[in-house]
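J.: Coordinates for the following, if possible.
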Amino acid sequence: MTKLWDEISKPSFVINKKRAIANIKLMARKFNSQNILFRPHFKTHQSIEVGAWFTDAGVSKISVSSVDMARQFFDAGWRDISIVFSFNRREIKALNQFSAEAQISILLEDLDTAKYISENSTADLNVFLKIDCGYHRSGILISEFETIKNIALKIQELPKLKLKGLLSHFGNTYSAKNKEEVQTIFESSLKAINNLRDFLSPNFPDLIISIGDTPSASLMDNFSGVDEMRPGNFIFYDWMQYRIGSCTTDQISAIMLCPVVAKHADRNELIIHGGVVHFSKEKLEHYGPICDISNGFGTDVIDGVYLKSLSQEHGIVHCTEEFFSRTKIGDLIGVIPVHSCLSANLMKDNTVIY
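T.: Residues are numbered from 1 along each chain as shown. All right, here's what the predicted structure looks like:
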């Protein structure tokens, strides 16, 4: 254990700075080499300090998921910000407080909201149309060419709004089991959105295409047909990304550290302070593997030891006999989160830089 470990007394989200910066630089080089705008999504880390690591890698344009987050990074000096969540018209007053002093892009998927924003915004805004290429979470269905064209033509007539491009999140790659499945989703979705762009090109010759899932960003090599990439999870990665094949365990740059508060020898289980309010309910075969932190930050998985179940504050760790016998009450347990974005969000007030 390190001296830093001795200072941790409650569930903490621990970031390995060296690994995180390496992940940033690798992704920046990948897209810069193909002349693709790298606009990372800051919802994963939501940290001014971590954001500065991107600046050092030459990043000046970012994505966020809310007006509040846009304001947070605007106050930290960022001036080119895309809010890549279908815009909540109730937040236009909050956006008006700073939008005139920055280059702000918003995400729309209906004409009524576009009209409302046009009538109530005090600054010019760039607009992306949200396109559903198969994830079916939000956006206009990719097959609705005429509907999309009609919305685009009407937006073109509205004051204060400039149609910038087509935006999609190929989020169905997160359910892929391997690189081949990611590739199939990526290529079919990219072909579809480029067909849409071609259809719109007589009226809108300069539309850009923006996509942003981490599996595609990590595993694909050819991004022809993409103008802007917005991955976010890649800075930390997690167990889900490892299972997909997006990263190695050595690239995982964030883990949870949780204190052991009880032992149950009758079932070889440990109780940790670390529950749903720290990890979220995201689950694969379990809620995260236990990793070896005996020599400091580490992501080497300990076979047969994993976070079995969660309640609000409690976590139950399934153990091998050997791991159970050598772990004491008061020790820290390292867990690789299933989904680092959710854990990072929940643990914003208890984050440690290693």
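J.: what's in contact with the lowest-mean-pLDDT helix or strand in the chain?
T.: Taking all helices and strands of the chain together, the one with the lowest average confidence (mean pLDDT, DSSP states H and E) is helix 3-6, at a mean of 81. The set of residues that contact helix 3-6 without belonging to it, under CB atoms under 8 Å, 6 or more residues apart in numbering, is 257, 293, 296, 332, 352, 354. Heads up, the C-betas are built off the backbone N, CA and C, glycines and all.
J.: residues contacting residue 351?
T.: Counting by CB under 8 Å, 6+ apart, the residues that residue 351 touches are 12-15, 47, 344.
J.: again, 10 Å this time
T.: For residue 351, the set of contacting residues under the criterion of CB atoms under 10 Å, 6 or more residues apart in numbering consists of 12-15, 45-47, 49-50, 254, 343-344.
J.: I'd like these written out as CSV, with pLDDT, neighbour count and distance to residue 231 added.
T.: Formatted as CSV, the entries for those read as follows, by pLDDT from 0 to 100; neighbours: other CB atoms under 10 Å; distance: CB to CB, whole Å:
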residue, pLDDT, neighbour count, distance to residue 231
12, 98, 22, 25
13, 98, 24, 20
14, 98, 23, 22
15, 98, 25, 17
45, 97, 27, 12
46, 97, 20, 15
47, 97, 19, 17
49, 97, 12, 20
50, 97, 21, 15
254, 98, 27, 15
343, 97, 26, 17
344, 97, 26, 15
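J.: Filter those residues down to just the ones in helices.
T.: 49-50, 343-344 (DSSP state H).
J.: what about the protein, any weak spots by pLDDT?
T.: Across the chain, the stretches falling below the confidence threshold (pLDDT under 70) are 1-2.
J.: which residues in it form helices?
T.: 3-6, 17-32, 48-56, 67-75, 92-96, 111-120, 145-157, 179-200, 214-219, 239-244, 276-279, 321-326, 340-346.
J.: one step back: please point out which parts of the least confident helix or strand of the chain sit buried.
T.: The neighbour-count check on helix 3-6 (16 or more other CB atoms under 10 Å) flags residue 5 as buried.
J.: Stretch 325-333 now?
T.: By neighbour count, and taking 16+ other CB under 10 Å as the criterion, the buried residues in stretch 325-333 are 327, 331-333.
J.: Same list (the residues you listed) but as JSON lines, adding distance to residue 64.
T.: Supplementary listing: these in JSON lines, determined by distance: CB to CB, whole Å:
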{"residue": "327", "distance to residue 64": "40"}
{"residue": "331", "distance to residue 64": "37"}
{"residue": "332", "distance to residue 64": "32"}
{"residue": "333", "distance to residue 64": "32"}
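J.: Give me the nearest residue to residue 99, chain neighbours excluded.
T.: Beyond its immediate neighbours in the sequence, the residue positioned closest to residue 99 (CB to CB, 6 or more residues apart in numbering) is residue 123, lying 4.1 Å away.
J.: Now for the one you found: which residues touch it?
T.: For residue 123, the contacting residues are 95-96, 98-104, 160, by CB under 10 Å, 6+ apart.
J.: Next: residue 13.
T.: By CB under 10 Å, 6+ apart, the neighbours of residue 13 are 45, 236, 254-257, 278-279, 337, 340, 343-352.
J.: For residue 272, see how far away residue 307 is.
T.: Using CB to CB, to the nearest Å, one obtains 8 Å as the distance from residue 307 to residue 272.
J.: And the strands in the stretch 151-300 of the chain?
T.: All strands of the stretch 151-300 of the chain, identified by DSSP state E, counting those that start in this stretch, fall at 161-168, 208-211, 228-229, 254-264, 269-273, 289-291.
J.: Same list (those strands) but as CSV, adding distance to residue 74.
T.: Conversion of those to CSV gives the following (distance: least, CB to CB, whole Å):
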stretch, distance to residue 74
strand 161-168, 19
strand 208-211, 20
strand 228-229, 20
strand 254-264, 25
strand 269-273, 36
strand 289-291, 36
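J.: closest to residue 8 out of the ones you listed?
T.: For the strands of the stretch 151-300 of the chain, distance to residue 8 was read as CB to CB. The smallest value, 5.6 Å, belongs to strand 254-264.
J.: Just the CA trace of the closest one, in CSV.
T.: What follows is strand 254-264 as a C-alpha-only set of coordinates in CSV (Å, rounded to 0.1, in the frame of the first residue of the first chain):
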residue,chain,number,x,y,z
ALA,A,254,-9.6,4.8,-13.0
ILE,A,255,-10.6,2.4,-10.2
MET,A,256,-12.7,2.6,-7.1
LEU,A,257,-11.1,2.1,-3.7
CYS,A,258,-13.5,1.0,-0.9
PRO,A,259,-12.8,0.2,2.7
VAL,A,260,-13.6,-3.3,4.0
VAL,A,261,-16.0,-3.0,7.0
ALA,A,262,-16.9,-6.6,7.7
LYS,A,263,-15.9,-10.2,6.9
HIS,A,264,-18.2,-13.3,6.7
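J.: Now do it against strand 269-273, angle only.
T.: Compare the direction of strand 254-264 with that of strand 269-273 by axes from the mean of the first three to the mean of the last three CA atoms, to 10 degrees and you get 120 degrees.
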